[in-house]
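Trainee: pasted the sequence and its predicted model underneath.
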Amino acid sequence: MHSFNRLKNRLIARLITRFPRLARRFINSYRPWESEGQIPWTEPRKPLRDCRLALVTTAGVHHANQPAFDMQDPDGDPSWRELDGATIRHDFRITHDYYDHTDAEKDLNIVLPLDRLQEFIDEGVLGSLNRRHFGFMGHITGRHIPALIEFSAREIADRLRSDAVDLVLLTPA
Amino acid sequence: MGLIQREIERAGIPTIGVTIVRDYTARVRPPRSVFLKWPFGHPLGEPGNVLQQRAVLFEAFRALYAIAQPGTIVDLPFRWRRENYGDYRPPSPQELAPRKNQTGGS
């Protein structure tokens, strides 16, 4: 816990230096990153068979024609890629140096289970899949954490809301 | 991943996360998680193992509706390859719907 607090302190120090306008918001509103403060909470309101579901994965999945995630930056890449549910199975790439994605390339379902979820829809277990999903690269640290929270995560949350998504399943790598 | 999950939930959409790094999830504290002590890069299991992948998804959805306490991490019992996923029994439709016995009102 001590080293985690050190990390937090260094992070906040970096943040204030780099993003002075964000700093106050971050410190005031995002203290719960650690084990304090309230955890966001929204009760599921519909049965699964009526839900529209979207996937968010941090396994580094993107379309072949999209820019790869930046692997040069030791703090990671906090940007996101929109994944087209209709085509991603057939033209995906995985850019992520921090895990072995040989198996995920053999069967994308182990990180992005679109085929399994389509079977659930066919069986009446799940309502539907959203037309788009979102890909991140995991392993984001240091100065990119505030960018991830303040920008990327909220940008995709806005899109998921505008798509009237009822439920989001998140998968790591 | 938990940081993204928190922002989606904060925006008013319920979320369930699969995690394979329990300590990190316990620190980030996303609203709901299922944990598997499995290799990196395999949150839903092995390539081509349809029954295994389905079992993880069913348990994630069960946890979505069962978890009442924010920050709960459900430890799934699956032992990677040493498991006969053919014996797995999925949740009933009632378990994949909002709980009836919630305390309502304010």
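Mentor: Yes, it's here. In this text the structure is predicted, and so the values were computed from the model without any measurement.
Trainee: who touches residue 47 in this structure?
Mentor: Here I'm looking at chain A. Counting by Cβ atoms under 8 Å, 6 or more residues apart in numbering or on different chains, A:Pro47 makes contact with B:Pro93, B:Leu96, B:Ala97, B:Pro98. Just so you know, the C-beta spots here come from the backbone N, C-alpha and C atoms, and that holds for glycine as well.
Trainee: wrong one, chain B
Mentor: B:Pro47 makes contact with A:Asp103, A:Ala104, A:Lys106, A:Asp107, A:Asn109, A:Ile110 under the criterion Cβ under 8 Å, 6+ apart.
Trainee: one step back: how about the contacts of A:Pro47 in CSV, adding pLDDT, secondary structure and distance to chain A?
Mentor: Listed next are these as CSV, based on pLDDT from 0 to 100; DSSP: H, G, I helix; E, B strand; the rest coil; distance: Cβ to the nearest Cβ, whole Å:
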residue, pLDDT, secondary structure, distance to chain A
B:Pro93, 97, helix, 7
B:Leu96, 98, helix, 4
B:Ala97, 98, coil, 4
B:Pro98, 97, coil, 6
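Trainee: wait, A:Leu160 sits on A:Asn130?
Mentor: Yes - between A:Leu160 and A:Asn130 there is a contact under Cβ atoms under 8 Å: 7.5 Å.
Trainee: so these two - more neighbours on which side?
Mentor: Counted by other Cβ atoms under 10 Å in any protein chain shown, A:Leu160 and A:Asn130 do not tie: A:Leu160 has more neighbours, with 25 against 19.
Trainee: relative to B:Val56, how far out is the more buried one?
Mentor: 22 Å (Cβ to Cβ, to the nearest Å).
Trainee: equivalent analysis for A:Asp163, please.
Mentor: Plainly put, A:Asp163 is 25 Å away from B:Val56 if you go by Cβ to Cβ.
Trainee: those two: which is more packed in?
Mentor: Residue environment comparison for A:Asp163 versus B:Val56 gives the larger neighbour count to B:Val56, 26 against 14, counting by other Cβ under 10 Å.
Trainee: which residue lies closest in space to the more buried one, excluding its sequence neighbours?
Mentor: Closest residue to B:Val56 in three dimensions, ignoring its sequence neighbours and counting by Cβ to Cβ, 6 or more residues apart in numbering or on different chains: B:Leu44, at 4.9 Å.
Trainee: how close does that neighbour get to B:Thr72?
Mentor: Taking Cβ to Cβ as the measure, B:Leu44 and B:Thr72 are separated by 20 Å.
Trainee: neighbour count winner among the two?
Mentor: B:Leu44 (25 against 16).
Trainee: helices of chain B, start to end?
Mentor: Read by DSSP state H, chain B holds these helices, from start to end of the chain: B:2-10, B:22-28, B:50-66.
Trainee: same question, chain A
Mentor: Listed in chain order, the helices found in chain A under DSSP H are A:2-18, A:20-29, A:88-91, A:102-106, A:114-122, A:144-147, A:154-162.
Trainee: my guess is A:Arg131 contacts A:Thr87. True?
Mentor: No - distance between A:Arg131 and A:Thr87: 10.7 Å, which falls outside the contact criterion (Cβ under 8 Å).
Trainee: got any ranges where chain B has weak pLDDT?
Mentor: For chain B, the stretches with pLDDT under 70 are B:101-106.
Trainee: related to what we said a few turns ago, was I right to think the residue nearest to B:Val56 contacts B:Val18?
Mentor: Yes - contact between B:Leu44 and B:Val18 holds when scored by Cβ under 8 Å: they sit 7.1 Å apart.
Trainee: joint contacts of those two?
Mentor: With contacts defined as Cβ under 8 Å, 6+ apart, the residues adjacent to both B:Leu44 and B:Val18 are A:Thr171, B:Val56.
Trainee: on that earlier part again, buried subset of the contacts of B:Pro47?
Mentor: For these, a burial check counting by 16 or more other Cβ atoms under 10 Å in any protein chain shown picks out A:Asp103, A:Ala104, A:Asp107, A:Asn109, A:Ile110.
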